[in-house]
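Trainee: dropping the sequence and predicted coords here.
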Amino acid sequence: MNRTIGVIANPASGKDIRRLVSYATTIDNNEKVNICKRIVLAAQGLGVESVVFMPETFMIGWAVREGLESDGVLRASVELLDFEIEAAQEDTTRAARMFEELGVGCVVVLGGDGTSRAAAKGLAEVPLLSVSTGTNNVYPTLMEGTVAGMAAAAAALMPEPRRCCIHDKRIEVRVNGELRDIALIDAVVSDDYFAGARAIWDAERMRLIVASRCHPATIGFSAVAGVCGIVEDSDDCALAVELGRGGRRVTAPIAAGVLTEVGVRGVHRLELGQEFRFLSEARHMIALDGEREVRVDPGDEVTFTVLRNGPWRVLPRAALSEAARLGMFRPDKEEF
């Protein structure tokens, strides 16, 4: 049992270039503060005694503490991690690593796929609860802050939190044999070479998608893979989709409100641990969970491998079902 949870709230999530080329929802930072207030109140209601926030430019954790103290409803301790911020995704990874070292019971992440990916790079054993406040949200779950706070508290306080978690897959990206980075949902090779806007959105410049899970009911490039073959998070496989002119045309939702035709030249189902190789004949950029991260030069060999060695992700309904079974909602612990 652990009565401390960590919170990573990304103030930059949901504000990338896809707001200009689609109709994606914007969740501003004031609303993130309100969501975090509900997370804290719900978590303390189930017995969490301490909530620790990642420091960031908008000072969300500070605003949560000041607001709840002013309202006279804060019982739990609310603190901030102590480190100098860089206002970059490395802050998220660093905070997650510090939460892992502190041994908190659960880490709640507010953001999109990219924020969850950055957090996952710093976590090993501590369960992750990912709350959707970003653009492409295949990995996070859209849920009310109160539910998120209860689920995080349940995972932290129950004796066997992995009963309500799934051990997620992740995509390992190697260039010429060297591990360069990872993705949780998809790795996309594009004809771009310079980062510019970090978010990727132009389907005509895509050459390859490797997806750990994919479905037509998602938004983003994993949806392109999803219309070619469905892979669930529980399936021990992945999908690689080669794109380009001359292929069979498919229509997929690559951004909110934007359905685009894409040429598919090949579809390959990959088993866990199976390598998929891409030999670069030009300069390319690899986007990981929607953000440009890895440059590739002519002659480079890129290897994609999907393994079940990602974070332990909390399933909110499973967590709250287990909490009810354990009597967490009954202070007297007596059966009805």
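Mentor: Sure, I can see it.

Trainee: please make it C-alpha for all contacts and neighbour counts, starting now.
Mentor: OK.

Trainee: is R265 in a helix, a strand, or coil?
Mentor: Of the three states, R265 takes strand under DSSP: H, G, I helix; E, B strand; the rest coil.

Trainee: check what pLDDT it gets.
Mentor: Predicted confidence (pLDDT) for R265: 96.

Trainee: so who does the residue lying closest to it once chain neighbours are set aside touch?
Mentor: Leaving aside its sequence neighbours, R265 sits nearest to G247 (CA to CA, 6 or more residues apart in numbering; 4.3 Å). Contacts for G247 were tallied using CA atoms under 8 Å, 6 or more residues apart in numbering; they are 263-266.

Trainee: so G247 sits in a strand?
Mentor: Yes - counting by three-state DSSP, G247 is found in a strand.

Trainee: just the buried ones out of the contacts of G247, please.
Mentor: 263-265 (16 or more other CA atoms under 10 Å).

Trainee: from these, which is closest to M98?
Mentor: V264 (42.3 Å; CA to CA).

Trainee: check contacts around that closest one.
Mentor: 241-250.

Trainee: hmm, try it at 6 Å
Mentor: 242-243, 247-248 (CA atoms under 6 Å, 6 or more residues apart in numbering).

Trainee: three-state assignment of V302?
Mentor: strand.

Trainee: er, E31 actually
Mentor: Taking three-state DSSP, the label given to E31 is helix.

Trainee: same check, this time on the one 10 residues further on
Mentor: For L41, the secondary-structure state derived from three-state DSSP is helix.

Trainee: so where's the chain uncertain?
Mentor: 1, 14-24, 135-136, 194-201, 333-336 (pLDDT under 70).

Trainee: domain parsing for it?
Mentor: For the chain, automatic domain parsing gives the domain ranges 4-168+311-325, 170-307.

Trainee: got the ones you listed as CSV, with distance to D332 columns?
Mentor: Output for these, formatted as CSV (distance: least, CA to CA, whole Å):
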stretch, distance to D332
domain 4-168+311-325, 13
domain 170-307, 36
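
Trainee: P331: which of those is closest?
Mentor: domain 4-168+311-325 (9.4 Å).

Trainee: now do the closest one: distance from first to last residue.
Mentor: Domain 4-168+311-325 has an end-to-end distance of 22 Å (CA to CA, to the nearest Å).

Trainee: from the chain's centroid, how far away is it?
Mentor: 11 Å (CA atoms, centre = their mean, to the nearest Å).

Trainee: stretch 207-223 now?
Mentor: Worked out by CA atoms, centre = their mean, stretch 207-223 lies 14 Å from the chain centre.
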